[in-house]
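Chemist: just to be clear, the model below is a prediction. Sequence and coordinates:
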Amino acid sequence: MLGRLLLCVLTTGALLTAPVIGAQPALADDNAFFLRNVPRGGAADVTVRYGAADDHPLVGDWNGNGTTTVGVRRGSRFLLRNANRGGGADLGFHYGRADDTPVVGDWNGDGTQTVGVRRGDRYFIRNRNSGGPADLDFHFGRAADVPVVGDWNGDGTQTVGVRRGNRYFLRNANTGGPADLDFRFGRVDDVPIVGDWNGDGVETVGVRRGNTFYLRNSNSGGPADLTFRFGRDTDVALAGDWNANGTTTVGVRRVPPPEPQPQVGVVSSFTTPMVAGQARNTNIRRALEYIDGDVIPPGARYSLDNAIGPRTAERGFIANGFISDGSLISVRGGGVSQVAVTVLNAAWFSGIDIVSHRPHSIYFTRYPMCREATISQRTIDLVLRNDSPHPITIRTESTATSATVRFESRPWAQVRSFTTAPTNVVGGTGGAFSVSCGRTITYPDGTSRRETYSWRYNEGFPG
């Protein structure tokens, strides 16, 4: 088999790393590959739009017909095409883990290239393009090495190798053991590629530096035998025999520049009023100080009760009013529920998940109806979950007459809030009543979710 395989992966910059062992270079625009049928500069001979922009590009002779065609890896799923044109995948299957490095090769010399993965310094190689256990499992090289694959001795079977800095260690068998070939070529920050550049049946190394290819016709150190430019510096380099003529040629996959990340700033803020001089303000300010600067990582839960910590005299808390079973009693830390109300509303308008909260049993006009929460140490908690992809930093501030909580992060969801008019009023002004509130959260992909909460207050109808 001639001109079968290369591995390359693109990072967000010009440096290509974690090669994908498969066929030789390809060029792309967004999710398109641009393939060249001769190893020299010029316009692409074939343009293939396939996969998504953030897929990992692969190339290989998936059906053994002598032509290298495109494919992609999406998470742990391989989606392979048997023709260099757009369309649905001819082969789709899961293999390995999403964070494995994919490799492609004709591991058993049957003329068909199949997938494998590298996990650390360990290879799991499959002789069919399907899910299932590995047919070959061995260690070679070091975990930080860049894998390459090729038919280094022209025997019709492709075997593994690694690149360490600018040094190649190539193995003529798909087993662990010492390298059969050891030489230097190119520079440390070059991107390695592999192909049968002259059609002699032996695959040899090359490198890509910026948008210039330097190809060598023997697996040894020395000057490049072919040098030419193709594609852009930030393209992903691949290589393959796109027209089944027995010679490997180059291409690239063009990855769009990453969209600029929105700046970190205040994504939501809420302020509740305080009456100047009240003793409860001491507890509110102390609790705000304890949570100021807390960070909620993406996917993490945040317990406000745990974040505030014990309400003890040693930590600056004093005794003050607290509602227990509808009665106002005095406990150390009383008044901290105002912090729960303020945090709840900051979370509410940020769009993150509110896992659990409980409104007061008595309505206080200083808080929004329904959209408020109480807290009691080790008994009642406000729990949030940051289901956004960005960390959230909590910032707090207090004055003589207000308590403020701000969430700082990158913009994510948009929130529309609503509160219904009170219903089922019993006892007139100051009596019991029911109310509902909710929010509609619109996510960056355009989908939305509507949440509705209902609560009945035992007393406090404002009339």
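Modeler: Noted; the coordinates are in hand.

Chemist: show me the beta-bridge partners of residue 252.
Modeler: For residue 252, the beta-bridge partners are residue 34, residue 237 (DSSP bridges).

Chemist: can you report how many residues neighbour it?
Modeler: By other Cβ atoms under 10 Å, the residues close to residue 252 number 32. For glycine as for every other residue, the C-beta is placed from the backbone atoms N, C-alpha and C.

Chemist: any idea how far residue 114 is from it?
Modeler: 24 Å (Cβ to Cβ, to the nearest Å).

Chemist: what's the answer for residue 263, then?
Modeler: Residue 263 is 45 Å from residue 114, by Cβ to Cβ.

Chemist: and these two? Which one has more around it.
Modeler: residue 114 (25 against 7).

Chemist: for the more buried one, grab phi and psi.
Modeler: phi -130, psi 170 (degrees, to the nearest 10).

Chemist: and it, what is it in contact with?
Modeler: For residue 114, the contacting residues are 60, 62, 104-107, 125-129, by Cβ atoms under 8 Å, 6 or more residues apart in numbering.

Chemist: scan those residues and report the most crowded one.
Modeler: residue 104 (31 neighbours).

Chemist: report the backbone C-alpha coordinates of the strand or helix carrying it in PDB.
Modeler: If you go by DSSP states H and E, residue 104 is part of strand 101-105. Coordinates of each C-alpha in strand 101-105 appear next as PDB, following Å, rounded to 0.1, in the frame of the first residue of the first chain:
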ATOM      1  CA  THR A 101      -5.400  10.800  20.600                       C
ATOM      2  CA  PRO A 102      -6.700   9.100  17.400                       C
ATOM      3  CA  VAL A 103      -4.400   7.200  15.100                       C
ATOM      4  CA  VAL A 104      -5.000   5.600  11.700                       C
ATOM      5  CA  GLY A 105      -3.100   2.900   9.900                       C
END
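
Chemist: packing partners for it?
Modeler: Contacts defined by 3 or more Cβ pairs under 8 Å, 6 or more residues apart in numbering; DSSP states H and E place strand 101-105 against strand 56-60, strand 114-119, strand 122-125, strand 146-150, strand 159-164.

Chemist: would you mind measuring from the most centrally placed residue in the chain to residue 150?
Modeler: By Cα atoms, centre = their mean, the mean C-alpha position of the chain lies nearest to residue 389, the distance being 8.3 Å. Going from residue 389 to residue 150 by Cβ to Cβ gives 38 Å.

Chemist: got any ranges where the stretch 351-463 of the chain has weak pLDDT?
Modeler: Scanning the stretch 351-463 of the chain for pLDDT under 70 picks out no residues.

Chemist: next helix or strand past the top helix by length along the chain?
Modeler: For the chain, the longest helix by residue count, based on DSSP state H, is helix 337-350. Next along the chain after helix 337-350, taking DSSP H and E as the criterion, comes strand 353-356.

Chemist: got the buried residues for that next one?
Modeler: Neighbour-count burial for strand 353-356, with 16 or more other Cβ atoms under 10 Å as criterion, is recorded at residue 354.

Chemist: partners of it, with directions?
Modeler: Partners of strand 353-356 in the sheet, by DSSP bridges, are strand 383-385 (antiparallel).

Chemist: neighbouring contacts of the strand it pairs with?
Modeler: By Cβ under 8 Å, 6+ apart, strand 383-385 touches 296, 299-304, 343, 347, 352-357.

Chemist: narrow these to just the buried residues.
Modeler: By 16+ other Cβ under 10 Å, those give 296, 302, 304, 343, 347, 352, 354, 357 as buried.

Chemist: which pair of the residues you listed spans the longest distance?
Modeler: Comparing every pair within the buried ones among the contacts of strand 383-385 by Cβ to Cβ identifies 296 and 357 as the most remote, at 15.4 Å.

Chemist: what is the nearest of the contacts of strand 383-385 to residue 245?
Modeler: Nearest to residue 245 among those: residue 299, at 50.3 Å, using Cβ to Cβ.

Chemist: mind listing what residue 306 touches?
Modeler: By Cβ under 8 Å, 6+ apart, residue 306 lies in contact with residue 381.

Chemist: make sure it is indeed in a helix.
Modeler: Yes: Residue 306: assigned to a helix according to DSSP: H, G, I helix; E, B strand; the rest coil.

Chemist: distance check, it against residue 294.
Modeler: Here the criterion is Cβ to Cβ. By it, residue 306 lies 10 Å from residue 294.

Chemist: repeat that for residue 348.
Modeler: Distance, residue 348 to residue 294, using Cβ to Cβ: 17 Å.

Chemist: what about the two, which has more around it?
Modeler: A count of neighbours by other Cβ under 10 Å puts residue 348 above the other of residue 348 and residue 294, at 24 against 15.

Chemist: returning to what we had before: my guess is the residue nearest to the centre of the chain contacts residue 413. True?
Modeler: No: applying Cβ atoms under 8 Å, one finds residue 389 not in contact with residue 413, separated by 10.8 Å.

Chemist: do you know how far the residue lying closest to the residue nearest to the centre of the chain once chain neighbours are set aside is from residue 98?
Modeler: Once flanking residues are discounted, residue 389 sits nearest to residue 298: 5.3 Å by Cβ to Cβ, 6 or more residues apart in numbering. Residue 298 is 17 Å from residue 98, where distance means Cβ to Cβ.

Chemist: okay, these two: which has more neighbours?
Modeler: residue 298 (14 against 11).

Chemist: now do the more buried one against residue 386, distance only.
Modeler: Separation of residue 298 from residue 386 (Cβ to Cβ): 6 Å.

Chemist: same thing with residue 234?
Modeler: From residue 234 to residue 386 the distance is 32 Å (Cβ to Cβ).

Chemist: of these two, who's got more company?
Modeler: residue 386 (23 against 19).

Chemist: quick check: phi and psi at the more buried one.
Modeler: Torsion angles at residue 386 (phi, psi; degrees, to the nearest 10) stand at phi -80, psi 90.
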